[in-house]
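Trainee: Model the following, please.
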Amino acid sequence: MTTPQILAFAIIFFMMVAFVWGRWRYDLVAAGALLAAVAVGVVAPDAAFSGLSDDIVVIVGSALVVSAAVARSGIMEVAIRRFAPNVTTPRAQLIVLVLVVTILSAFIKNIGALAIMIPIAFQMARKSGVSPSLFLMPMSFGSLLGGLMTQIGTSPNIIVSRVREDLTGTPFTMFDFTPVGATLALVGVVFLCVCYKLLPERVRESRSMDQAIEIKNYTTEAQVPEGSPSVGQTVGAVQALGGGQAMIIGIISAAGKRRAPLPDFVVRAGDLLLLEGEAEALDKMVAQGKLAFSERRDAEVASADTGVVEAVIGEHSSLIGHSARELTFFDMTGLNLLAVSRRDKRFTERLAEIKFQNGDVIVLQGDLNELPDLLRQWDCLPLVERNLKLGSVRNGLVPIVILALAMGSTALGLVPVPIAFFAAAVMMVVTRTIPLRDVYSNLDAPILLMLAALIPVSDALRTTGATDLIANWLSGVASVLPPYGALALIMVAAMAVTPFLNNAATVLVMAPIAATFATDLGFRPEAFLMAVAIGAGSDFLTPIGHQCNTLVMGPGGYRFGDYWRLGLPLSILVVLVSVPMLLLVWAI
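Mentor: Next comes the predicted model:
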C-alpha cells in the first residue's frame, strides 16, 4: 500500500468518525476533510473545488427548488384531500407515502419521485402532528428500493446493462431487473413500515420563523365567485379545507345580509366569508376553495415584485383608531390588506371596517420595494420574514407538468438528468410557480457544501489507486468462496464503496471486477452484475451515497449517524433476500 493510498484511507476514516460523532456540523466536517486532503496531496489543488460543478450537486440543488415549487402550488393539498382523505394515523400515512414513492421510482427517476412526494409528506406530518423525519428517510429508502425494479429506475441498472452488452453482446432489458427488484421492494417496504420506529424523531437544526412565530387568529375575508367549487358546499365542507385550523365566523350575502355560519349552511355564489385561523390554513381554504381575497389582488397587485409582509402597529402609528376604509387604504398605497390579528379578539366586522389598535398584527400584500418605506411612515414594525403563502398566486398543475416533462425526457434518454432537473427549476421560476426571491432560501446550503467538498475527497480513492487495491483483495477472497458467498461479497463491497464513489462510479469500478472473477471461477456473469447493481443502488447507511438520501437530510433534520439505525438492518435484509433470489432467477 502506497503512502497516498494510506493517507486517502485515513482521511476518509477520520471523516466518517467525525460524521458519526456529530460534534461538528456535517458541512464543516466535509470542508475540513477537503482541506486535509489538499494539504497532504491526495487531492490536487486545481481539483479541490471540482465538486461545485458536479452533476450530483446540480441535481440535489435543482430538486430542492422543484420540490419547493410543487409544495407552493398547493396541488399536493388537493391530492391528499381527494385520494387519501381518511389517512390520518402516522403508520397509515407512512404506508401510503412509502408505497407510492416506491412504485413511482420503478418508472421514473427515483429522485424525481421523491421530489414529488416530499411536499405530501410535510402535509401529512402537519395533519397528524408528527415530525416529518418519521416519513422522509423511509421514503428515501423506498425510492432506492423502487429504482431496483426496472432498467430506468436508477443509474446503476442502466450502467450494468451496458456492461453486460459489452461482455456478452446482449444488454439487460427493461424488466430483467423486476423479479429480484420487486421482491426486494416488497420485503423492504414491509420492513420500513414495521420498523420505522428505529429512527429517532428529529426536527430541523435551524427552526424556521414560521415555527418561532405562531399566530393562530388572523381574520380575513374572501368572496365566493361564480364557478367556485365552494358554491353549493356546506360551511363544514369549506372549513374542512383548512384542516381544522381555520373557520368561517360570518357570512354576508351578495345582498348584504348577514347569515349565521352553521355547519350545514350552504355557501352561495357572491357570498362574502369572514374567516379566522392560522395563516397557512386560511391560505389552504382560499386556494382549494377557489375563493378570492379581493377584486384587486389578481388584477393589480400580482407581479414579480409582489410579496406579503407581516407588521405590528406601533403605539404612535397614524393608523391607530382608523379603519382601512376610512384611510382609503387601497387607493392611497396600492396595497392589499389581507388579514388582521389582535390578541384574544374575535372580529365580527368586515376586514376594511376593523379599527386598528396598538399591537395589531396586519398582513399586507404589495410591492416589496415600496413596503419598507410605507411601514416606516406608518410607524409599523415588520416581523421577521416568514414564508407566508397567504395571497400568493397559484399556478395549479404547472409544476407537475414541468416535472413530468423533465422526468419523461430523462426516461427516454433525450436529456441528461442534471440538465433536465436544472431546466425544471428554471422553468418553475419563469412560470412564477416559485418567486425568484424564494429560490435561494430553498437551496439547502450546508447540504450542497457537504456534497461539493466530499466529491473530490471520495475521488481520492480512485486517483491514488486505492480502488484497484480493493478490487485485487476482492478477487483473492472471492476465489475461495462458494457461489452464494461470492455474490454476497460483491454486493456488500458495492454497498460499502458506494458512499465514497457515488452509485454510478461504483458500478463502473465494480462491474468489470465482478464479471472477471465470475468468468475466472467458471460462472455466468449475469448474477454477479446484478449483485453489483443492487449493492450500488442500496446505499442505506449514509446521506452521501445517493442523492435521495441527501435530499431528505436537511428537511428531516437528520444527523449523519441516523441513517445506519434504519439502514443497517435494511442492508442486511437486502443481502439475505437478494442472494438466493439471484441464484434462483439467474442460473450461474
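Trainee: which stretches of the stretch 151-300 of the chain have low pLDDT?
Mentor: The stretch 151-300 of the chain contains residues with pLDDT under 70 at 152, 203-214, 294-300.
Trainee: at 50 what do you get?
Mentor: Within the stretch 151-300 of the chain, the ranges that satisfy pLDDT under 50 run 206-212, 295-300.
Trainee: residue contacts, residue 40?
Mentor: By Cβ atoms under 8 Å, 6 or more residues apart in numbering, the residues touching residue 40 are 7, 11. In this view, the C-beta of every residue, glycine as well, is placed from N, C-alpha and C.
Trainee: what separates it from residue 8, distance-wise?
Mentor: To residue 8, residue 40 is 9 Å away according to Cβ to Cβ, to the nearest Å.
Trainee: what's the spacing between the residue nearest to residue 466 when sequence neighbours are not counted and residue 12?
Mentor: Nearest residue to residue 466, sequence neighbours excluded (Cβ to Cβ, 6 or more residues apart in numbering): residue 5, at 4.6 Å. Distance, residue 5 to residue 12, by Cβ to Cβ: 11 Å.
Trainee: These two: who's more crowded?
Mentor: More crowded of residue 5 and residue 12, by other Cβ atoms under 10 Å: residue 12, with 21 against 18.
Trainee: quick one: contacts for that one?
Mentor: 33, 457-458, 460-461, 500.
Trainee: any idea which helix or strand carries residue 249?
Mentor: strand 246-252 (DSSP states H and E).
Trainee: So which elements touch that strand?
Mentor: helix 235-240, strand 258-259, strand 272-277, helix 279-288 (3 or more Cβ pairs under 8 Å, 6 or more residues apart in numbering; DSSP states H and E).
Trainee: Now find how far off-centre the first one is within its chain.
Mentor: Spelled out, that is helix 235-240. Here the centre of mass of C-alpha atoms in helix 235-240, compared against the chain's by Cα atoms, centre = their mean, to the nearest Å, lies 29 Å away.
Trainee: Name the residues of it that are buried.
Mentor: 235, 237-240 (16 or more other Cβ atoms under 10 Å).
Trainee: Quick check: which helices or strands does it pack against?
Mentor: Going by 3+ Cβ pairs under 8 Å, 6+ apart, helix 235-240 lies up against strand 246-252.
Trainee: Tell me the strands beside the strand it packs on, with direction?
Mentor: strand 258-259 (antiparallel), strand 272-277 (antiparallel) (DSSP bridges).
Trainee: most tightly surrounded among those?
Mentor: Ranked by mean neighbour count under mean count of other Cβ atoms under 10 Å, these are led by strand 272-277, which reaches a mean of 23.
Trainee: So what touches it?
Mentor: Counting by Cβ under 8 Å, 6+ apart, 216-224, 238, 242, 245-253, 261, 267, 282, 285-286, 291, 346-348, 350-351 sit against strand 272-277.
Trainee: what about 7 Å?
Mentor: Residues outside strand 272-277 that contact it (Cβ atoms under 7 Å, 6 or more residues apart in numbering) are 216-224, 242, 245-252, 282, 285, 291, 346.
Trainee: what does stretch 570-588 give?
Mentor: By Cβ under 7 Å, 6+ apart, stretch 570-588 touches 141, 179-180, 183-184, 187-188, 191, 483-484, 487-488, 491-492, 495, 523-524, 526-527, 530-531, 534, 538, 540-541.
Trainee: what mean pLDDT would you report for that stretch?
Mentor: In this model, stretch 570-588 carries a mean pLDDT of 91.
Trainee: Please apply the same query to stretch 532-550.
Mentor: 85.
Trainee: Centre of the chain to that stretch, how far?
Mentor: On Cα atoms, centre = their mean, the centre of stretch 532-550 falls 17 Å from the chain's centre.
Trainee: distance between the ends of that stretch?
Mentor: 22 Å (Cα to Cα, to the nearest Å).
Trainee: before we move on, what about stretch 492-511?
Mentor: Stretch 492-511: ends 13 Å apart by Cα to Cα.
Trainee: residue ranges for the strands of this structure, please.
Mentor: 218-223, 246-252, 258-259, 272-277, 306-313, 336-341, 361-367, 380-382 (DSSP state E).
Trainee: buried sites along stretch 6-20?
Mentor: Buried residues in stretch 6-20, counted by 16+ other Cβ under 10 Å: 7-9, 11-12, 15-16, 18-19.
Trainee: cool, stretch 92-112 as well?
Mentor: Using 16+ other Cβ under 10 Å as the test for burial, stretch 92-112 gives 93-102, 104-112.
Trainee: Residue 427: what's its closest spatial neighbour, skipping adjacent residues?
Mentor: Nearest to residue 427 is residue 402, by Cβ to Cβ, 6+ apart, at 4.9 Å.
Trainee: From the buried residues of stretch 92-112, which land in helices?
Mentor: 93-102, 104-105, 110-112 (DSSP state H).
Trainee: Read off the pLDDT value for residue 302.
Mentor: 48.
Trainee: Residue 393 too?
Mentor: We have a pLDDT of 51 for residue 393.
Trainee: sorry, back to before: could I get the strands paired with strand 246-252 as TSV with distance to residue 397?
Mentor: Listed next are the strands paired with strand 246-252 as TSV, based on distance: least, Cβ to Cβ, whole Å:
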stretch	distance to residue 397
strand 258-259	34
strand 272-277	26
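Trainee: For residue 198, find the nearest of those strands.
Mentor: strand 272-277 (36.3 Å; Cβ to Cβ).
Trainee: which residue is nearest the centroid of this structure?
Mentor: Taking Cα atoms, centre = their mean, the centroid of the chain lies closest to residue 118, which sits 4.3 Å from it.
Trainee: Now do it against residue 66, distance only.
Mentor: Residue 118 is 10 Å from residue 66, by Cβ to Cβ.
Trainee: quick one on the thing from earlier: identify the residues contacting the residue lying closest to the residue nearest to the centre of the chain once chain neighbours are set aside.
Mentor: Nearest residue to residue 118, sequence neighbours excluded (Cβ to Cβ, 6+ apart): residue 67, at 4.9 Å. Contacts for residue 67 (Cβ under 7 Å, 6+ apart) come out as 115, 118-119.
Trainee: Make JSON lines out of those and add distance to residue 362 and pLDDT.
Mentor: Listed next are these as JSON lines, based on distance: Cβ to Cβ, whole Å; pLDDT from 0 to 100:
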{"residue": "115", "distance to residue 362": "35", "pLDDT": "78"}
{"residue": "118", "distance to residue 362": "32", "pLDDT": "85"}
{"residue": "119", "distance to residue 362": "29", "pLDDT": "79"}
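Trainee: Need phi/psi at the closest residue to residue 463 other than its chain neighbours.
Mentor: Excluding the flanking residues, the one nearest residue 463 by Cβ to Cβ, 6+ apart is residue 42, at 7.4 Å. In terms of degrees, to the nearest 10, the main-chain angles of residue 42 are phi -80, psi -10.
Trainee: please renumber so the chain begins at 765
Mentor: OK, 765 is where the count begins now, so the last one is residue 806.
Trainee: Hmm, residue 806 is touching residue 771, no?
Mentor: Yes. The pair residue 806 and residue 771 passes the contact test of Cβ atoms under 7 Å, sitting 5.2 Å apart.
Trainee: okay, the strands of the chain in a markdown table with distance to residue 811 next?
Mentor: Compiled in a markdown table, these are given as follows (distance: least, Cβ to Cβ, whole Å):
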| stretch | distance to residue 811 |
| --- | --- |
| strand 982-987 | 53 |
| strand 1010-1016 | 54 |
| strand 1022-1023 | 71 |
| strand 1036-1041 | 54 |
| strand 1070-1077 | 41 |
| strand 1100-1105 | 51 |
| strand 1125-1131 | 46 |
| strand 1144-1146 | 45 |
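Trainee: closest one to residue 824 among those strands?
Mentor: Using Cβ to Cβ, these put strand 1070-1077 closest to residue 824, at 26.9 Å.
Trainee: Could you pick out the buried ones from the contacts of strand 1036-1041?
Mentor: Using 16+ other Cβ under 10 Å, the buried ones in the contacts of strand 1036-1041 are 981-988, 1006, 1009-1016, 1046, 1049, 1055.
Trainee: Report the beta-bridge partners for the nearest residue to residue 1046 once chain neighbours are set aside.
Mentor: Using Cβ to Cβ, 6+ apart and skipping the chain neighbours, the partner closest in space to residue 1046 is residue 1010 (5.0 Å). Beta bridges link residue 1010 to residue 1041, judged by DSSP bridges.
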